[in-house]
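Enquirer: Need coordinates for the following:
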Amino acid sequence: MIKILGIDPGDSTGLAFIIIDENKKPRLDRARVSKDLSAIEYNDWIVEADYVVVEDFKVRPGNAKKGSFDWSRMNTPKIIGSIQTLAKLSQKELVLQQPSVKPIGYGFAQVKYQKGKKGVHIQDAAAHAMYFAVKRGLALPSTLL
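Expert: This is a model prediction of the structure:
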């Protein structure tokens, strides 16, 4: 049994904990949204996971030039740093993924991806976990959500 925690970090952080059985069949074990900006609230999930998969954050020059980050508190990179620290303390493998892999992860979970859709933090977290699991050869594409 393999346990993967997918995380879509932000002011509302999506968490999806998937378990993969010996036949490489994944299932969503639990999911939630957290407003905790320190990641302490879900550290027990990090400790329990075999792998922690997190959507990365990079400042894209085009957005920065448009002023998208003016006066921003930059909570997402702060949360990612907290998750990295907690994962390291728990000796967990942490994988950062770019947002661009989400549509493929949704496909692996056999869910239609809708670009820009709001309030899908849990689904995004699950998509990141599925992308990792399938690409790493740990799971087969399967209905997850």
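Enquirer: so what's residue 114 up against?
Expert: residue 120 (Cβ atoms under 8 Å, 6 or more residues apart in numbering). Any C-beta I mention is one placed from the backbone N, CA and C, and that applies to glycine too.
Enquirer: ok, 10 Å please
Expert: 103, 106, 120, 123 (Cβ atoms under 10 Å, 6 or more residues apart in numbering).
Enquirer: Same question for residue 3.
Expert: 17-20, 29, 45, 48-52, 129.
Enquirer: Tell me the bridge partners for it.
Expert: residue 19 (DSSP bridges).
Enquirer: any idea how far it lies from residue 16?
Expert: Taking Cβ to Cβ, to the nearest Å as the measure, residue 3 falls 11 Å from residue 16.
Enquirer: Need the residues touching each of those two.
Expert: Common neighbours of residue 3 and residue 16 (Cβ under 10 Å, 6+ apart) are 29, 45, 129.
Enquirer: Quickly find the element holding the second one.
Expert: Residue 45 is part of helix 43-48, with elements assigned from DSSP states H and E.
Enquirer: Run the chain-centre distance for that helix.
Expert: 14 Å (Cα atoms, centre = their mean, to the nearest Å).
Enquirer: Does it pack against any helices or strands, and if so which?
Expert: Where contact means 3 or more Cβ pairs under 10 Å, 6 or more residues apart in numbering; DSSP states H and E, helix 43-48 is packed against strand 2-8, strand 13-20, strand 26-34, helix 75-89.
Enquirer: Mind checking which of the contacts of residue 114 are in helices?
Expert: Among the contacts of residue 114, the members found in helices (DSSP state H) are 103, 106, 123.
Enquirer: In ChimeraX, how would I select the buried members of the residues you listed?
Expert: Buried members of those, defined by 16 or more other Cβ atoms under 10 Å, are picked up in ChimeraX with:
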select :106,123
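Enquirer: Which of the ones in helices among the contacts of residue 114 sits closest to residue 137?
Expert: Of all the ones in helices among the contacts of residue 114, residue 137 sits closest to residue 106, with 19.2 Å by Cβ to Cβ.
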